[in-house]
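A.B. asks: I'll drop the sequence and a predicted model, then ask my questions.
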Number of protein chains: 4
Amino acid sequence: MSAPKYLDGQEVATHNSRESCWIIVHGNVYDVTEFLDEHPGGSKIILKYAGKDATQEYDPIHPPDAITTNLPVNKHLGPVAPNTVKKVEITVTDEEKARQERISNRPPLDEILNLHDFEAIAKQVMAEKAWAYYSSAADDEITNRENHAAYHRLWFRPQILVDVTKVDWSTTILGHRSSMPVYITATALGKLGHPDGELNLTRAAAKHGVIQMIPTLASCSFDEILDAAQPGQVQFFQLYVNKDRDITKRIVQHAEKRGIKGLFITVDAPQLGRREKDMRMKFEADDPSEVRKSGSDGVDRSQGAARAISSFIDPGLKWADLAWFKSITNMPLILKGVQRWEDALKAYDLGLAGVVLSNHGGRQLDFARSGIEVLVEVVTHLKEKRGLSFPNEKFQLFVDGGVRRATDVLKAIALGATAVGVGRPFLYAFSSYGQEGVEKALQILHDEFEMNMRLLGATSIANITPDLVDTSNISSHIAAIPGDRLYEANYESMQHARLREIKPKM
Amino acid sequence: MSAPKYLDGQEVATHNSRESCWIIVHGNVYDVTEFLDEHPGGSKIILKYAGKDATQEYDPIHPPDAITTNLPVNKHLGPVAPNTVKKVEITVTDEEKARQERISNRPPLDEILNLHDFEAIAKQVMAEKAWAYYSSAADDEITNRENHAAYHRLWFRPQILVDVTKVDWSTTILGHRSSMPVYITATALGKLGHPDGELNLTRAAAKHGVIQMIPTLASCSFDEILDAAQPGQVQFFQLYVNKDRDITKRIVQHAEKRGIKGLFITVDAPQLGRREKDMRMKFEADDPSEVRKSGSDGVDRSQGAARAISSFIDPGLKWADLAWFKSITNMPLILKGVQRWEDALKAYDLGLAGVVLSNHGGRQLDFARSGIEVLVEVVTHLKEKRGLSFPNEKFQLFVDGGVRRATDVLKAIALGATAVGVGRPFLYAFSSYGQEGVEKALQILHDEFEMNMRLLGATSIANITPDLVDTSNISSHIAAIPGDRLYEANYESMQHARLREIKPKM
Amino acid sequence: MSAPKYLDGQEVATHNSRESCWIIVHGNVYDVTEFLDEHPGGSKIILKYAGKDATQEYDPIHPPDAITTNLPVNKHLGPVAPNTVKKVEITVTDEEKARQERISNRPPLDEILNLHDFEAIAKQVMAEKAWAYYSSAADDEITNRENHAAYHRLWFRPQILVDVTKVDWSTTILGHRSSMPVYITATALGKLGHPDGELNLTRAAAKHGVIQMIPTLASCSFDEILDAAQPGQVQFFQLYVNKDRDITKRIVQHAEKRGIKGLFITVDAPQLGRREKDMRMKFEADDPSEVRKSGSDGVDRSQGAARAISSFIDPGLKWADLAWFKSITNMPLILKGVQRWEDALKAYDLGLAGVVLSNHGGRQLDFARSGIEVLVEVVTHLKEKRGLSFPNEKFQLFVDGGVRRATDVLKAIALGATAVGVGRPFLYAFSSYGQEGVEKALQILHDEFEMNMRLLGATSIANITPDLVDTSNISSHIAAIPGDRLYEANYESMQHARLREIKPKM
Amino acid sequence: MSAPKYLDGQEVATHNSRESCWIIVHGNVYDVTEFLDEHPGGSKIILKYAGKDATQEYDPIHPPDAITTNLPVNKHLGPVAPNTVKKVEITVTDEEKARQERISNRPPLDEILNLHDFEAIAKQVMAEKAWAYYSSAADDEITNRENHAAYHRLWFRPQILVDVTKVDWSTTILGHRSSMPVYITATALGKLGHPDGELNLTRAAAKHGVIQMIPTLASCSFDEILDAAQPGQVQFFQLYVNKDRDITKRIVQHAEKRGIKGLFITVDAPQLGRREKDMRMKFEADDPSEVRKSGSDGVDRSQGAARAISSFIDPGLKWADLAWFKSITNMPLILKGVQRWEDALKAYDLGLAGVVLSNHGGRQLDFARSGIEVLVEVVTHLKEKRGLSFPNEKFQLFVDGGVRRATDVLKAIALGATAVGVGRPFLYAFSSYGQEGVEKALQILHDEFEMNMRLLGATSIANITPDLVDTSNISSHIAAIPGDRLYEANYESMQHARLREIKPKM
């Protein structure tokens, strides 16, 4: 292997137009001329860095290998000679200045009382695009909101006069201890919210003894995240299966070698969903002088960041592939994204370790039901058809989506889940306060668990039983019929007593 | 036949008052003096053109033969000598100028992400009257909105781990290929939204391989629409049955001769509905100096455009008439506007080709149920009573009303429909962007179908089966009981964490 | 009988204080000194007329005999000599001037499209107190609004392909023809809304061939209303039963003698309801210098106009009294205000002519169910227990409350009602447009009946059968559970496509 | 016992810093230096009074023995010589001035029409913190609001033609007469709302013949409240059980000796709930120069007033303890906070006198069901399992939470409750109008009872039977599915008729 030939920064700088556009990322030069129109983030933002070092802009938005993966090898032009590159001065927009001011006005962490609060702050302090990417969901975002609303159709039947001096909400997940029946589920592009990205989660998870599920589409590299873990810290891995199974095999076996304790194969995303909030963000990012050729070649370039970074995902993944996974790894296999009892039953019959009842945070199929609703159905049918009871060590059920309170988690546990995945709230926590935010979020959950276990009259997770929850309304998908606008406009609301008006003095 | 005698434009110009009012339309002179008070659009607008050429104003609002049909033959005064007519100068109102400015500020088509977006733009760029006509519905518009809401009571039960590399959402409708299980249903007065009227639909349908149903009350003439079709392009025809059956016979046989592939007989409109939004528009259009004689002669002149152009429709149409239709045409006969299983069963027993479960877009009987709800009932009873399963080649079920997403369509298909009719969204599409708008709308549906077929785990329309949809809430017509206004006024909403206020500098 | 001694106006004028307060009404002098604190409308308004002629103020607010009934005979001081009385000059307040301007700006009747419109106008043009009295209802006005909402839980199952060239919605009520299955139900104090009070209803009813139910608490006297009727015009009478049965007997037998065709005995008002909107109106009407002695003597003086004018009503009325009614009259007896099947059954077993399923327009017991809901229960149980089918000539069911559209009426008819009572909408009609308003309201109903009969596929009232209505949701009294305020505050609503902003010119 | 040594006020005044902080309360000096960080109300407010007399600030917020209980005995420094203490001048903030002005603008009591009105006024005139403490509830306050909403799912089936001339709503509770089926339930810290605290309730209860339940956490001392009672006035006592059972024994036996007629043991609060509205209030109360050490020592200091004053409550209380209670007192024992039939059954089997079906006003476990809903379940199961009927003298059922109207109470009575507890409305009544407010509140209930008993056709509490209420919707916990924001944004609301605009004069 010969020494790399260094390119000269000044030469790179001449390729600064739509006709020839080179950029520098992490000290390497790439010819992106032909990629301009395919860039999910639009051509405009690339052209701004044409001939320049784009690393600072690139980093937070892309997984580390995005550029090398998406660009043909012959466009990887090689390293640039370091001292020949001009430093890029970033002009701070007024909008960005206002955001920075908002950041400096965040309330102290002590004033954060619940997981909703992180979201309220994150909405204020995150860059608009990042917020759009995290918060967006499929189509009309009905499932996204239903995920939360479904918990509101479940009510408690608490017990009294149980000695709850000591309550313990720790549990085991796939055989590993967790300080609470919650794990940090996989979410993409952590650096959009914070420069440390997923490492915030790794470190906070270590402190609080919870398990992190590492995403395929992390902003930090897989090994970075593993390296940040404490000795003995348990981590799971979420897998998007590549069309090229050799790549997948390599990734899986590497994960196993590095000590990953569970492989969660995503099965609800053969194609990543249309998320319109995210997509609307793109319009300002494109070069308006360019006439886009939508529809002309059947290639869809307007689908937001999520779609593009995921083009490798295999829509051909099928039940028959699971045997192959068993042949390449001994990690427990869990399907993430099961949405009906029939598929949970198949997974059980195939000897898998469990399933996550999930609709991908409402980001895939709109009008998919909430995981908590599917849980009730799965428990019923697997009892009926296979005599199983839940929670079950051999075949574990997980749920994610819409969780904001420990009461939400306790409802899922009572109904048979082993643990519940929480995603966005932790993203919002580190987007507003970094690692400390995640720790605080976990501490809030601990506080809520202690309180609510006591109020339910349950001293351990094993005591969180189905009779504690009334599920009779879980499947009531009520859309109130449209209001009578004329009647309502005429109806004059009742008024309560009012203070006398203060007469102005003469 | 003798050569027509040309009238002189200057003579016509003298008939410019309420006492004697002539107008020129498409080069012909009409004496509308006695018609002034019966004009559904009010007398004021006609008087504005008294003695002048009204073609430009007339065209977008009327079906081509409106004037000849509504005016007795002796009021057709004959052609005007072309060069004798003064050109009418149209003064552009401030309101119209503002509208033109809004038109020039439409976002590029690329920014349109879904069918809702067309409606949002159309509302801004259409003339107010045109918007009122398209968007209005019966009485309190409850059924109109319920049509959309009903889809929100249906939830998906998607399958996973199906190889969805290739998904195909093309189908056949009455034996003809369609690139998707959607057809463009009949809607009236297309020129209100765009000068090319229904031709926008014809051309876009050709490009995308979908079927257009031509309306009886089109702004373009029937033959114009047929002529605009590509060779081999499939078109259906929607029929309002005339009190004069000879006219109907002529129309039907002409349609068959021109190659129409299916005759959709409207059965939910023995009288066209009261649409109050449309009716309110009329008040500004009348001559305020005229005392209207409402109630005095039992003739109702305040019912908006829709009612008047439809006075020919026969309220006497009955089941017994269907034999006659079979005797005059070999086109497949479909009843459009069936709203209960009993009537679907009758149609089946009479050997018809199918029914459209529809309430006319909520424009006829308020509190009629949505087509999608009726579909569930029809499928259940026709299975029970005649052993039919759906979709069924011999007796096809269609649904229309309220559809905005491919998921809506897929729900209907899963429950047994052959295809779904979409109307207003395409009107809004061409009203805001012409033919390109309709193409974009169809492209959006294609994109949504591809996505959602994959997410449902279905590779073809045949795989869209009833188990994919939870229908248990479809008949829950919930009107929440009235709120407690005093309690609600007293309840102080919870607040989330807030940014510290920025102290003003000294 | 000696000639009355006339009092001198100047003497009367000296009794102009709280210590001695005389007023003149219709030419008679009354000493109201001791009545001041008991006046339901407050003392302030009386003191304003102390020593003066109060007729103009008195008339619209009181039933004609209010003062003679409520004041002991020894306080009736006799007639005043006409020419000795000073004319009272009414100062017009700014508020009243604004109201008069609103009155002159009413839209022409042609612009009234539905019954809601009258309410919208009446709210603008009525005096505030009058509006409060008409529109107010019991407690939190839940039942009042439920009355309307209940109809929204009933949906149609219309028939098609019925020859509806001719449709006829006339019917018979207690054996008398009515041009529609609607009667004008009894409502109190018509002069609050219009100087002609109930006569507006009498005259409009005659024109349109509908039946008016005359209220006990009319502003016009009973005979005035009868005298205003056309020969052969059918009228019913609503009766509040007096503690003094002799008075009741006299009233009933007078009514029968004058040709009243049905006696509707109110049974849902042993005590008139608390109507807080009405009560709040009173506070401004009292003399603030007076310390009110609430609670001190157990007499409640703060209950608004309705309570006071109704103190004669007998809370002791009971089933056993019905035999007595049968002994004093041959008019058909109907109970108005039945609210459960058990009581409807009793009424049937006692041989009464029918019942009105009503909750008094929501003005009595809050959380009483709507008449239309009770109708379903009554029809079911009377069929089960007595084999009755409805509508039934021998025992007729009526419903009132919340009706605004002919579709509401048709739902009630389909479910077994003979006719439906409409009250407030007609009050609002004459309050905004006098008799012409009521005629227009009836004309609107005619138009809606014609339309909706056709759209239902029913040519006569007899064809309005139960299968036309889906009642499955009628008893769903859903109060949605409270919203999650934090979640909702964080959720960022989706945005549709927007027009480009117009750049300011340089 | 030697005479106490008096401290000199001037010496005390030197301990005015965070390093050494003494305060005077009720003439005694306390060293609170080490307590500063543990003060639930924050350190800032204490430091304001460092070295000074804090009595005036202390009194309304603390139970009388709060300081002696929470501070080690060696920090009780002894009495201060009275004349040596400087009077503290309270600076009135602008905010407080505005509040005082609002107080002076309260409407007269006559204008208060219902219990909601007190809340509307209290919200205006109470100190912000006090309002937060009274009105706050657990988590998202869903249960708090559900408590009220649940009554809206119960509807009446009133009887007619019952002689209701005389209606009597008095009853007996645990064998003691009450003028209505309502008791004043226990609520903490009455002086937050009014200087007389709980004494307002005692005195008003005496006047109206209702029973007051005295809270453990009263602002007034237990004996003060007993001493304020009239001879023969019945009082109950609500007990929080202390970890130190000797203290509890002493309290219970003292209560019995003083004549308490019923002991209500709170069983739904092993730990007091997180009430975020209350907690948010604290942030402004802390010394911002202090870095709080949240999480560092596991002690949670941010939980608002409620948590801290309740640290003595025993989370170890269990069923087995009830035998001990029976051994130390002969008072009837009632469990307050039962939330499922299984626990009501246990209480019955243990021979207790009754249970209160309550969720602590929604202040403990969010998503606990309302007492009224649990009542239906308890009555059903205790009938089925033990053949009991309700109301039942031997085992009485009580309900509290969400009650605002006599109709609410009557629903509970009809379904089997002996009486209903009302809490917050009375707090709001005295917070806005002192004792007179409570009397007015009770008078309003009397008025409503009289009215509604008549309208229900029931002359006594015994006649309030289950058939008067339709309970079929009580368990419908409906959370409407999320709305379609795009559709709703596009839908243009219908408009009613409008007044003509007034043309400006030229």
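C.D. replies: Nice, I can see it.

A.B. asks: Tell me the gap between the host helix or strand of A:His446 and the middle of its chain.
C.D. replies: Using DSSP states H and E, A:His446 falls within helix A:424-456. The chain centre lies 16 Å from the centre of helix A:424-456; the measure is C-alpha atoms, centre = their mean, to the nearest Å.

A.B. asks: Near chain C, which residues of the stretch 101-250 of chain A? Just list them.
C.D. replies: Counting by C-beta under 8 Å from any C-beta of the partner chain, the stretch 101-250 of chain A comes close to chain C at A:114, A:116-117, A:119-120, A:123, A:135, A:140-141, A:145, A:148-149, A:152-153. No exception for glycine: its C-beta is placed from N, CA and C like everyone else's.

A.B. asks: If you could redo that for chain A, that was the one I meant.
C.D. replies: Residues of chain A lying near chain C (C-beta under 8 Å from any C-beta): A:114, A:116-117, A:119-120, A:123, A:135, A:140-141, A:145, A:148-149, A:152-153, A:276-277, A:280, A:404, A:478, A:480-481, A:484, A:486-487, A:489-492, A:494-495.

A.B. asks: what about A:Cys220, how many residues close to it?
C.D. replies: 23 (other C-beta atoms under 10 Å in any protein chain shown).

A.B. asks: residues touching it, list them.
C.D. replies: A:64, A:190-191, A:196-199 (C-beta atoms under 8 Å, 6 or more residues apart in numbering or on different chains).

A.B. asks: and with 10 Å instead?
C.D. replies: A:63-64, A:190-191, A:196-202, A:214, A:226-228 (C-beta atoms under 10 Å, 6 or more residues apart in numbering or on different chains).

A.B. asks: In this structure A:Ile481 contacts B:Glu146, no?
C.D. replies: Yes - with contact defined as C-beta atoms under 10 Å, A:Ile481 reaches B:Glu146; the gap is 5.8 Å.

A.B. asks: Quick check on these two: which one has the bigger neighbour count.
C.D. replies: More neighbours surround B:Glu146 than the other of A:Ile481 and B:Glu146, with 26 against 23 (other C-beta under 10 Å).

A.B. asks: next structured bit after the host helix or strand of the more buried one?
C.D. replies: B:Glu146 is part of helix B:142-149 when elements are defined by DSSP H and E. Downstream of helix B:142-149, the first helix or strand assigned by DSSP H and E is strand B:155-156.

A.B. asks: Can you report how many residues neighbour A:Val73?
C.D. replies: Neighbourhood size, A:Val73 [other C-beta under 10 Å]: 6.

A.B. asks: and whichever strand or helix holds A:Lys385 with chain B, contact?
C.D. replies: Secondary structure from DSSP H and E places A:Lys385 in helix A:371-386. Yes - judged by C-beta under 10 Å from any C-beta of the partner chain, helix A:371-386 comes into contact with chain B through A:373-374, A:377.

A.B. asks: Show the contacting residues for the residue nearest to A:Ala497 when sequence neighbours are not counted.
C.D. replies: In space, and not counting its chain neighbours, A:Ala497 is closest to D:Asp117: 3.9 Å by C-beta to C-beta, 6 or more residues apart in numbering or on different chains. Neighbouring residues of D:Asp117 by C-beta under 10 Å, 6+ apart: A:495-498, B:486, B:490, C:276, C:280, D:107, D:109, D:111, D:425, D:428-429, D:432, D:440-441, D:444.

A.B. asks: With A:Ala122 instead?
C.D. replies: Contacts of A:Ala122 (C-beta under 10 Å, 6+ apart): A:106, A:130-131, A:134-135, A:193, A:424-425, A:427-433, A:437, C:490.

A.B. asks: In ChimeraX, how would I select the buried members of the residues you listed?
C.D. replies: Buried members of those, defined by 16 or more other C-beta atoms under 10 Å in any protein chain shown, are picked up in ChimeraX with:
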select /A:106,130,131,134,135,193,424,425,427,428,429,430,431,432,433,437 /C:490
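
A.B. asks: Give me the number of neighbouring residues for the residue of the stretch 351-500 of chain A found nearest chain C.
C.D. replies: Nearest residue of the stretch 351-500 of chain A to chain C, counting by C-beta to the nearest C-beta: A:Leu486, 3.9 Å away. Other residues within reach of A:Leu486 by the criterion other C-beta under 10 Å amount to 26.

A.B. asks: Quick check, it in contact with C:Phe118.
C.D. replies: No - counting by C-beta under 10 Å, A:Leu486 sits too far from C:Phe118 to count as a contact (11.1 Å).

A.B. asks: returning to what we had before: so which other helices or strands are in contact with the helix holding B:Glu146?
C.D. replies: Contact analysis of helix B:142-149 by 3 or more C-beta pairs under 10 Å, 6 or more residues apart in numbering or on different chains; DSSP states H and E lists helix B:371-386, strand C:155-156, helix D:485-490 as its packing neighbours.

A.B. asks: Distance to D:Trp22 and mean pLDDT for those - can I get that in a markdown table?
C.D. replies: Below are these laid out as a markdown table (distance: least, C-beta to C-beta, whole Å; pLDDT from 0 to 100):
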| stretch | distance to D:Trp22 | mean pLDDT |
| --- | --- | --- |
| helix B:371-386 | 75 | 98 |
| strand C:155-156 | 75 | 97 |
| helix D:485-490 | 59 | 86 |
